[in-house]
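In: Below are the sequence and a predicted model; questions follow.
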Amino acid sequence: MSSTLQAPVLHPPSKTTDDVDFASSIRSYIQTVYQEDPDKYATEIATLHRLRQDARGAGKDVTGRDILYRYYGQIELLDLRFPIDEKHVKISFNWYDAFSKAPISQYSIAYEKACIIFNIGATCASIAALQNRFDAAGLKMAFNYFQAAAGMFTYINENFLHAPSVDLSRDSIKTLVEVMLAQAQECFIEKVVMEKKKGALVAKLSAQAAHMYNNALDGMLNDAIRSQFDKAWVELVRLKAKHFQAYALYHRSLHLESEGKYGENVASLTAAETIAKEANKLATSFSSSFSSFSTFSAPSSVSSSGQSASAAASLVEMTKTNLTLISDRKTAAVKDNDLIYHESIPNAETLPAVEKLNAVKAISFAEVCTNGQADIAKIVGPDIFTRLVPLSVHEASSCYSEEKAKILRAEQERVDTTNGELQAMLDSMDLMPTLDKLKRFGKGAAGLGADLGPPASVRQWSAAVRSEEDGGSGEATEQLLGAVDGLKGRVREMLDEVGLFLDKEQHECEGMRVKYAEKWTQEPSSKLTSQIRAGIRQHRDSFEKALSTDQALLSWLNESKPDIEILKRPIDEVESIFAERILEAGPASRKSKNVANLIDDVGGSENGLGVLEEQIVIEKLDGILTRLRALKKERTDVLEELKTRLHSDDISSLLLLNKNKETQIFQAELSKFKPLQGRLAANIQAHGQFLHDLSTEFSKLKDSSKTMRTIEARERRKAELVKEWQRSFDHWREAKDGLKKGVRFYSDLAELVASLQTAARDFDRRRADERADLAKQIEENNATALRDQLKRLSVGGDPASSPRSALRYSASPYAQQQPVASWSQQPPSPAQYGQGPPPRPYQQPTYGSQAPPPGAYQQPLQPQPQQQYQQYPPQQQQQQQQKPHPGQGQPQGGYGAPPPQQQQQQQQQRTYPQQQGQGQSWGLMD
């Protein structure tokens, strides 16, 4: 092959077509099948029509290639939504045969697609033929586009059966594929020769090219398609087959000469010369028969090299140059063999055939695009009818969404479980607070503030105690105790005074009875004062029971006093005392007051880890925690990425393109998420190992650390101290509440006793008046009787006028006089003795209808309404039922003796104490 001339190459013509009406059929199908308004898709239909119009006028260049492929991609998508055939969406496609120009019309979208693919292949072949093959880049592009053209034609044969036109028949397409691949092989040979390579490689490549051209020639001579191809195409293919056969023998001779096979070299050159002469003869005949032949769109005078020569003339020049090269090489080889090597020359027919080496194959359209498959999506563009989704695709998409949801739920559960395990372990071990305490302990006194300081509850107790015990509120403990003592003394004095009143009155009454004997008719005091004395007994009983409650409260106050005295101090003093009490729990040698240093017990001992060993373990735990936190963040990030990808993953287009392949598509698409699932699985596995290491190291630290034992001892002491102070505060609070109730109780009791005292005074006054009147009457009667007796003795009257008779007569009226009125809440009647105002009835304070809590102050009884003292009836009728005295009632719910101690301890809120106080007294009066 000449280094300056190249053979012309072939490319098939494109098919042409008539205009098509998409609108009517597609609109009808949208309305009837999709049950949507077709007007909503008017833009899409117009876009489809415009794309086809562009494809009809596409040029033989890269732009034309993309226009054709864009339309092809859109009708592929259109076919997924509209069954365009004679029975459903009826659209007629009329195309003309590329070679014979015969019109063929069909109602089939498959026919439309096959015709467009044919034109894409023809365009790729045209792009290859138009390249400048003397340039390496042009040669490479020609090589690739011839293979792409072969790929497009191969796709027609593999996917479309029963071609309606000759140009789309299997034999026609197969022949075109052979021509395209043979020309691609030719381009590769030109590239190898351009790189100055020769010998066996060029021979094998040329032998393959000759073989492929011979196959193409056989296809063109097939009776089924013989009339399709122009005779010039047939003769050009025949010429190239001979040319590359001679070229293969020539380069094999070069290889034989390099191996010292001079006789075989001469035989190979002889055969090459013979075939080269045939090729030159064919070229000369071609030039004379087809002098104006050109395979290019440019004028025939312009060759691929840019020189002014026809395709036919270039063929003659190429074969002539090749023949001259072979003949000269043969003459020199024969001469050298005759003069130097003297090897026998075998018959050329006995030489083995040249081995063939294929360097080409049919490739896809994407392989000639700059960015491969990515450019395909750009060329095709978005789906025109993307809004129109078939129901089957919707259903399949829903199934796919559920599969994605299963993946997300499973991974979310795994992540949540893992995070929960981490948090549960940290909480159960109390790891973070423990490490913080160890680190603060290592810093010495500067870091112990938080550990030695009192909790917020202690501060609140201290503030409450200071607020109430400063005396300003009037509710300090000493003030309440003083109030209780004062009220108790008053109640005791009044009860004693009432008893004295009654005893004095009774003594005076009985003295008069002794004096006047049977003449003394005043009712005995014991019958009239029974109600008042019952009231005294009941109030005194309540009083005595309240004293026992006072003793229990005093006991609690005495018990809590030392701690309360501390809580009364300023808060800084409370904090200082609290810290000192906690430090008492530490080892005597260190007390953790000094900074822990590496000199003390550095290496540890049998009893535990040393300081240095503890620090190493702490640092290791910190490292494990850091890694666990990083793993947790990684899990969160990966899970979020998985969520994002799952939510954004839409395979509707794939489902649309691949009907009835949902299972395979689901498996393939869901596998996209396996890398993220794998990352989560690896993360969780590493998390488990670190969690195990964390547990092991912490157990080692907790079991062997001396510092831990010190800290634990202090924590126990701190808890105990807080508990002690809380108990003291609770006792103090409950005792103060009890004292406040005691003040109210004794105040109420004092009012009741005061009412009873008033009643006793009134009773004493009325009885005294009654005695005076009765004594006066007796004296007057006695005097009268004495005068009468003396008078009778002096005049000697009748027996009826005797002193005894006069005495009986005079005593009788008095026996029926009105008795002293009793104490009543009602005003006295006119027939009664005058009496003072009734006492103010006591209103019982309400503490609830239920029985009071144990140890509570009982409330004094409410005065009951009483009937008035009635007139004294005759002595034989004076036995009547007495009504309760207003002071008689016992305090309800009382302030009496507390229940047994074990019952009080069962109450969560102990209202009143039961223990008898020991130790220092607060000065509560007995």
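Out: Happy to help now that I have it.
In: CA only for contacts and neighbour counts going forward, please
Out: Fine.
In: Centre of the chain to stretch 380-397, how far?
Out: 34 Å (Cα atoms, centre = their mean, to the nearest Å).
In: oh, I was asking about stretch 629-638
Out: Chain-centre distance of stretch 629-638: 13 Å, with Cα atoms, centre = their mean.
In: Using PDB, write down the CA coordinates of it.
Out: The C-alpha trace of stretch 629-638 is given here as PDB (Å, rounded to 0.1, in the frame of the first residue of the first chain):
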ATOM      1  CA  ARG A 629     -18.400   8.100  69.400                       C
ATOM      2  CA  ALA A 630     -16.800   8.200  66.000                       C
ATOM      3  CA  LEU A 631     -18.400   4.900  65.000                       C
ATOM      4  CA  LYS A 632     -21.800   6.200  66.200                       C
ATOM      5  CA  LYS A 633     -21.400   9.400  64.100                       C
ATOM      6  CA  GLU A 634     -20.300   7.200  61.100                       C
ATOM      7  CA  ARG A 635     -23.400   5.100  61.600                       C
ATOM      8  CA  THR A 636     -25.600   8.100  61.600                       C
ATOM      9  CA  ASP A 637     -24.000   9.600  58.500                       C
ATOM     10  CA  VAL A 638     -24.100   6.300  56.600                       C
END
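In: Can you list the buried residues in it?
Out: Residues 631, 632, 635, 636, 638 are the ones in stretch 629-638 that count as buried (16 or more other Cα atoms under 10 Å).
In: average pLDDT for the strand or helix carrying residue 110?
Out: Under DSSP states H and E, the secondary-structure element containing residue 110 is helix 109-129. Here helix 109-129 scores 97 as its mean pLDDT.
In: for stretch 380-394, same thing?
Out: pLDDT averaged over stretch 380-394 gives 86.
In: ok, and what's touching it?
Out: Applying Cα atoms under 8 Å, 6 or more residues apart in numbering, the contact partners of stretch 380-394 are 34, 41, 44, 47-48, 69-74, 77-78, 81, 652, 655-656.
In: Output it as PDB, nothing but the C-alphas.
Out: What follows is stretch 380-394 as a C-alpha-only set of coordinates in PDB (Å, rounded to 0.1, in the frame of the first residue of the first chain):
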ATOM      1  CA  VAL A 380     -31.900  11.600  23.900                       C
ATOM      2  CA  GLY A 381     -32.900  14.200  26.500                       C
ATOM      3  CA  PRO A 382     -35.800  13.800  29.000                       C
ATOM      4  CA  ASP A 383     -38.700  11.600  28.300                       C
ATOM      5  CA  ILE A 384     -41.300  13.700  26.400                       C
ATOM      6  CA  PHE A 385     -44.300  11.900  27.900                       C
ATOM      7  CA  THR A 386     -42.800  11.500  31.300                       C
ATOM      8  CA  ARG A 387     -46.000  12.600  32.900                       C
ATOM      9  CA  LEU A 388     -47.900   9.800  31.300                       C
ATOM     10  CA  VAL A 389     -47.000   6.700  33.400                       C
ATOM     11  CA  PRO A 390     -48.700   3.300  32.800                       C
ATOM     12  CA  LEU A 391     -50.600   1.700  35.700                       C
ATOM     13  CA  SER A 392     -48.300  -1.300  35.600                       C
ATOM     14  CA  VAL A 393     -45.300   0.900  36.100                       C
ATOM     15  CA  HIS A 394     -47.000   2.600  39.100                       C
END
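In: Quick one: low-confidence residue ranges for the stretch 201-350 of the chain.
Out: 294-309 (pLDDT under 70).
In: before we move on, the earlier item: of the buried residues of stretch 629-638, which is the nearest to residue 231?
Out: Distance ranking of the buried residues of stretch 629-638 against residue 231, using Cα to Cα, places residue 638 first at 67.2 Å.
In: residues touching that closest one, list them.
Out: Applying Cα under 8 Å, 6+ apart, we find residue 638 in contact with 676, 679, 680.
In: After the one helix or strand it maps to, which helix or strand is next? Please name it.
Out: In this assignment (DSSP H and E), residue 638 forms part of helix 611-648. Reading on from helix 611-648 to the C-terminus, the next helix or strand found by DSSP H and E is helix 652-657.
In: Can you mark which positions in stretch 359-373 are buried?
Out: Neighbour counts using 16+ other Cα under 10 Å place 360, 361, 362, 363, 364, 365, 368 of stretch 359-373 among the buried residues.
In: next one: stretch 8-21
Out: The neighbour-count check on stretch 8-21 (16+ other Cα under 10 Å) flags 8, 9, 10, 11, 12, 13, 14, 15, 16, 17 as buried.
In: returning to that earlier point: please name every helix or strand in contact with the helix holding residue 110.
Out: Counting contacts by 3 or more Cα pairs under 8 Å, 6 or more residues apart in numbering; DSSP states H and E, helix 109-129 packs against helix 62-81, strand 93-96, helix 136-159.
In: Of these, which stretch is the most buried?
Out: Mean neighbour count, computed with mean count of other Cα atoms under 10 Å, is highest for helix 136-159 among the helices and strands packed on helix 109-129, reaching a mean of 22.
In: which other helices and strands contact that one?
Out: Helix 136-159 packs on helix 109-129, helix 170-194, going by 3+ Cα pairs under 8 Å, 6+ apart.
In: okay, those helices in a markdown table with distance to residue 93 and mean neighbour count next?
Out: Putting the helices and strands packed on helix 136-159 into a markdown table (distance: least, Cα to Cα, whole Å; neighbours: other Cα atoms under 10 Å) gives the following:
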| stretch | distance to residue 93 | mean neighbour count |
| --- | --- | --- |
| helix 109-129 | 7 | 25 |
| helix 170-194 | 21 | 24 |
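In: Which of those sits closest to residue 328?
Out: Closest to residue 328 of those, according to Cα to Cα: helix 170-194, at 19.4 Å.
In: now the angle from that closest one to helix 136-159?
Out: Here the directions of helix 170-194 and helix 136-159 differ by 160 degrees (axes from the mean of the first three to the mean of the last three Cα atoms, to 10 degrees).
In: For ChimeraX, write the select line for the buried members of the contacts of residue 638.
Out: Selection of buried members from the contacts of residue 638 for ChimeraX, criterion 16+ other Cα under 10 Å:
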select :676,680
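In: so of the contacts of residue 638, which ones are in helices?
Out: Of the contacts of residue 638, the ones assigned to helices by DSSP state H are 676, 679, 680.
In: how big is the angle separating the biggest helix by length in the chain from helix 611-648?
Out: With secondary structure taken from DSSP H, the chain has its longest helix at helix 706-795. Inter-element angle recorded for helix 706-795 and helix 611-648: 90 degrees (by the same axes, to 10 degrees).
In: thinking again about what came up before, buried set for the helix holding residue 638?
Out: Within helix 611-648, the residues scored as buried using 16+ other Cα under 10 Å are 611-615, 617-618, 620-621, 624-625, 628, 631-632, 635-636, 638-639, 642-643, 646.
In: before we move on, which element is the spatially most central residue of the chain in?
Out: Centroid check for the chain by Cα atoms, centre = their mean gives residue 416 as the closest residue, at 8.1 Å. In the assignment (DSSP H and E), residue 416 maps to helix 391-429.
In: For that helix, list every residue counted as buried.
Out: 393, 396-397, 400-401, 404, 407-408, 411-412, 414-415, 418-419, 422, 426.
In: Could you measure from residue 291 over to residue 283?
Out: Using Cα to Cα, to the nearest Å, we find residue 291 at a distance of 11 Å from residue 283.
In: who has more neighbours, the two?
Out: More crowded of residue 291 and residue 283, by other Cα atoms under 10 Å: residue 283, with 28 against 15.
In: thought the more buried one was touching residue 321?
Out: No - Residue 283 sits out of contact with residue 321 when judged by Cα atoms under 8 Å, with a separation of 11.8 Å.
In: Okay, and residue 478 sits in which element?
Out: helix 477-516.
In: Next SSE downstream of that helix?
Out: Note on helix 477-516: by DSSP H and E, the next helix or strand toward the C-terminus is helix 525-528.
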